[in-house]
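Trainee: I need the structure of the sequence given here:
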Amino acid sequence: MILLSDILGHKFKEDLCNENLVSLRKLNCVVIDETMSQVSSKSKYFCYVRESVYSMLNSASSLLPDNCQFLIKEGYRPASIQQDSFDRIFKRYKTNSPGLDDRVILKRVSEYVAPLGVAGHPTGGAIDITLIVNGEEAFMGTRFNDEPSETNNRTYMSSLDIGKEEKENRKVLSEALSAVGFINYPAEWWHWSFGDKYWACITNNPVKYCTILDNEIRNLTHASTL
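Mentor: Next up, the predicted model:
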């Protein structure tokens, strides 16, 4: 199992795609969690993704059972918010474990809060996603965005310590997204990506999407043809 902490410092080949960002609100087959109550980003671009990700989600939606829909929690996350989130968690670890070496803290934090250099959300290639089943948000064994250490690792996609229904829900989510080319981050059942560094590492492909800085967002959204 490869975690984000394992790819820190890795040298990646790049074949960058200059795709724009497009709002998933244009995609009628998915539902957006407009409350943003479970994400740290309050950016108005929270449900934007790269154009290929948009098209892949459209394709994946057609593979879901009739009683299911995708529920999008978060797509693009501004680079500044990603950095702030990482710094906050790093500081918390350092305060709670003052004797721990910074390199050890970096590795532990990076397993579930990505440093900006390897983070998927600021590239527009990552999505946090779950299911609506029979009109209600499905329970997937943990809440979205729970920390692995606080759930006995039940956030891991492969966890066996969840109920039969939750396992089936995860299977439905996984099969639809995997079929169109998304890669899951194994520590978080909700996190899937395409084109970012984690995807590149797992698929042995060049990186397609680089980090979009805060001051670059407007140009990439206004230029979209979707």
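Trainee: got the end-to-end distance for stretch 36-43?
Mentor: 9 Å (C-alpha to C-alpha, to the nearest Å).
Trainee: What of stretch 207-219?
Mentor: For stretch 207-219, the separation between the terminal residues is 21 Å (C-alpha to C-alpha).
Trainee: mean confidence score for that stretch?
Mentor: Averaged over stretch 207-219, pLDDT sits at 93.
Trainee: what about the helices in this protein?
Mentor: Applying DSSP state H to the chain gives helices spanning 51-61, 79-96, 102-110, 164-179, 197-203, 217-222.
Trainee: Kindly reformat these as JSON lines containing mean neighbour count and distance to Thr142.
Mentor: All C-beta spots, glycine's among them, are computed from the backbone N, C-alpha and C. Shown next, in JSON lines, are the helices of the chain (neighbours: other C-beta atoms under 10 Å; distance: least, C-beta to C-beta, whole Å):
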{"stretch": "helix 51-61", "mean neighbour count": "20", "distance to Thr142": "22"}
{"stretch": "helix 79-96", "mean neighbour count": "15", "distance to Thr142": "18"}
{"stretch": "helix 102-110", "mean neighbour count": "16", "distance to Thr142": "19"}
{"stretch": "helix 164-179", "mean neighbour count": "16", "distance to Thr142": "9"}
{"stretch": "helix 197-203", "mean neighbour count": "21", "distance to Thr142": "20"}
{"stretch": "helix 217-222", "mean neighbour count": "15", "distance to Thr142": "31"}
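Trainee: for the residue sitting furthest away from the middle of the chain, phi and psi?
Mentor: Taking C-alpha atoms, centre = their mean, the residue of the chain most remote from its mean C-alpha position is Gly99, at 31.5 Å. Main-chain torsions, Gly99, degrees, to the nearest 10: phi -90, psi 0.
Trainee: Check the gap between it and Arg108 for me.
Mentor: 14 Å (C-beta to C-beta, to the nearest Å).
Trainee: Check Val39 too.
Mentor: Per C-beta to C-beta, Val39 is found 22 Å from Arg108.
Trainee: just Cys17 next, same as before
Mentor: Applying C-beta to C-beta, the value for Cys17 to Arg108 is 32 Å.
Trainee: Please apply the same query to Phe182.
Mentor: Distance from Phe182 to Arg108, counting by C-beta to C-beta: 26 Å.
Trainee: and what of Trp192?
Mentor: Where Arg108 is concerned, Trp192 sits at a distance of 23 Å (C-beta to C-beta).
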